[in-house]
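[1] Predicted model and sequence follow; I will ask about them next.
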Amino acid sequence: MKKKHRKKTSRHRGAEKIFEELKRLYEEMERAYAKVAGEIGLSCTGCEHNCCTSYFQHHTHIEWAYLWRGLKGLEPEKRERFLARAREYEEKVQALIQRGKRIEIMCPLNEGGLCQLYSHRLMICRLHGVPNVVHMPDGTTREFSGCIRCRGLIAKERFFPVMDRTPFYVKLASLEREFVDLLRAPLPKVDHTLSQLLLMGPPPLKGEG
């Protein structure tokens, strides 16, 4: 019995180590974003377009788990409020899909205009906004022009700074491979909205109930 307990504890330590590396990666993302945004003069202050209403899907188990790590740190009443909003969000999404309408709904974690899990927000929430590129494994490059306000700022500029997301994706993929080894099989494919990740509960580690 003690042996089993030690194994479970060891796995949790492994997860915490990977979470710390993810936290450092997020900090690197924020510095890179701030540098490009600063050079462009991009700020979210007073913007009439809120990217928290954008329809994003997320793709890693580690970010899913880290989001839930933040959610578990909230008071139970607040946590249940966000889960209830997540259910409402998904109902609205399905209704819009059936009607063929554009999905533009406020994120269930946004309260009073602010993200209530800001330190645990996902990668796309940290990088969306500035012009960026991603160099794909097949040699192609994907280019993104940035958010509406950003596009307005660079519209007349011939040259402007661009953030390269590639090293962040590579590092995140490496952390994802490490983290997946700690999870209990079978593993669901991650291709979900933030609300769906909340409603699914955290991905279980090996040895958990």
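    Received the coordinates, thanks. Numbers count the residues shown, from 1 in each chain.

[2] what separates the residue nearest to the spatial centre of the chain from Gly100, distance-wise?
    Residue closest to the average C-alpha location in the chain (Cα atoms, centre = their mean): Leu122, at 1.7 Å. Remark: distance between Leu122 and Gly100 (Cβ to Cβ, to the nearest Å) = 27 Å. Where C-beta positions appear, they are placed from N, C-alpha and C, glycine not excepted.

[3] Residue ranges in this structure under the pLDDT threshold?
    1-13, 209 (pLDDT under 70).

[4] how about the strands of it, start to end?
    Ranges of strands in the chain, per DSSP state E, are 110-111, 114-115, 132-135, 141-144, 163-164.

[5] closest to Gly46 out of those?
    Checking these against Gly46 by Cβ to Cβ gives strand 114-115 as the closest, at 14.7 Å.

[6] And that closest one, how far out from the chain middle?
    Computed by Cα atoms, centre = their mean, to the nearest Å, the chain-centroid distance of strand 114-115 equals 14 Å.

[7] Please shift the residue numbers so they start at 338 in all later answers.
    I'll keep to 338 as the first residue from here, and by that count the last item is strand 451-452.

[8] Just confirm the residue nearest to the centre of the chain contacts Ile399, I think it does.
    No. Using Cβ atoms under 8 Å, Leu459 is not in contact with Ile399, being 10.3 Å away.

[9] what's near enough to touch Glu365?
    Phe505 (Cβ atoms under 8 Å, 6 or more residues apart in numbering).

[10] where's it relative to Phe505, distance?
    7 Å.

[11] Give me the contacts around stretch 468-482.
    Contact with stretch 468-482 is made by 373, 377, 483, 487-488, 491, 497-503, 506, as judged by Cβ under 8 Å, 6+ apart.

[12] Name the residues of it that are buried.
    By 16 or more other Cβ atoms under 10 Å, the buried positions in stretch 468-482 come out as 468-469, 481.

[13] Of those residues, which is the nearest to Gly544?
    Using Cβ to Cβ, these come closest to Gly544 at Asn469, 38.8 Å.

[14] What residues are bridge-paired with the closest one?
    Under DSSP bridges, the beta-bridge partners of Asn469 are Phe481, Met500.
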